[in-house]
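In: quick check, what structure comes out for this input:
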Amino acid sequence: MDAREDLPKVSIETEQDWKRIQNNLSEALSVRLDKELESRGQPGDKEALLPHIEQFLETLFDIARPNLRINGRTTEEPSQDDDVEPFDEALDRYIWSLSDQRLKWDKDVAARRRTRPREIEGLISDINAQHDSAELDVAQEDPTYDDIDPELQEVFSRAASLTAQLSQSISLQHERATRAKSAFQEIKALKP
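Out: Residues are numbered from 1 along each chain as shown. Next up, the predicted model:
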């Protein structure tokens, strides 16, 4: 059963198709009646039964009509102009399937919005815990320099002393460069 309707209806493209179905059913019933009367040997009774058959068919079609959808409209609705574009049943089904799919995606997104933040929070907590434990491991390790090569220690101490000398000489060289620049500008200003 369709979720959008109480009872599914039989879809027929045009009113002419409905008339053709009615004619086919009338003809089939007439042929069946002729065969039945011939087998019983009473072909003259057809005229007496014909009004009853027509009444039966009319009642049958009246009962069937509310369960029909002709050109996308139920037959209970009043008929409108012929200028109206025909109803596209396939397009309607496609639109409804897209709507159903959109509802499924919305439900999926809503479920993810409820669960993903907790998952991300758990991941961040785990990463922070790992980071904190790594810092504790590094802090607990006391660096010992007993096993360093004496030659390497000597090279390092010379480099450290050179660094101190370089920092003093850099400031001295900077002062000299500044004085030379100002002297150059004074000489340049003196030339006519």
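
In: need the longest helix for this protein.
Out: Longest helix of the chain, by residue count under DSSP state H: helix 89-140.

In: tell me how far it lies from the chain's centre.
Out: How far helix 89-140 lies from its chain's middle: 14 Å, per Cα atoms, centre = their mean, to the nearest Å.

In: which residues sit in contact with the most centrally placed residue in the chain?
Out: In the chain, the residue lying closest to the centroid (Cα atoms, centre = their mean) is Trp105, at 5.2 Å. Listed by Cβ atoms under 8 Å, 6 or more residues apart in numbering, the contact set of Trp105 is empty. C-beta coordinates here come from the backbone N, C-alpha and C atoms, glycine included.

In: ok, Asn128 next?
Out: So Asn128 contacts nothing (Cβ under 8 Å, 6+ apart).

In: distance-wise, check it relative to Glu121.
Out: 11 Å (Cβ to Cβ, to the nearest Å).

In: may I ask which helix or strand of the protein has the lowest mean pLDDT?
Out: Least confident element among the helices and strands of the chain, by mean pLDDT, DSSP states H and E: strand 73-74 (a mean of 71).

In: and that strand, what does it pack onto?
Out: Counting contacts by 3 or more Cβ pairs under 8 Å, 6 or more residues apart in numbering; DSSP states H and E, strand 73-74 is packed against no other helix or strand.

In: parallel or antiparallel, list what pairs with that strand.
Out: strand 68-70 (antiparallel) (DSSP bridges).

In: show me the shaky parts of the protein.
Out: By pLDDT under 70, the weakly predicted segments of the chain are 1-7, 75-87, 136-146, 191-192.
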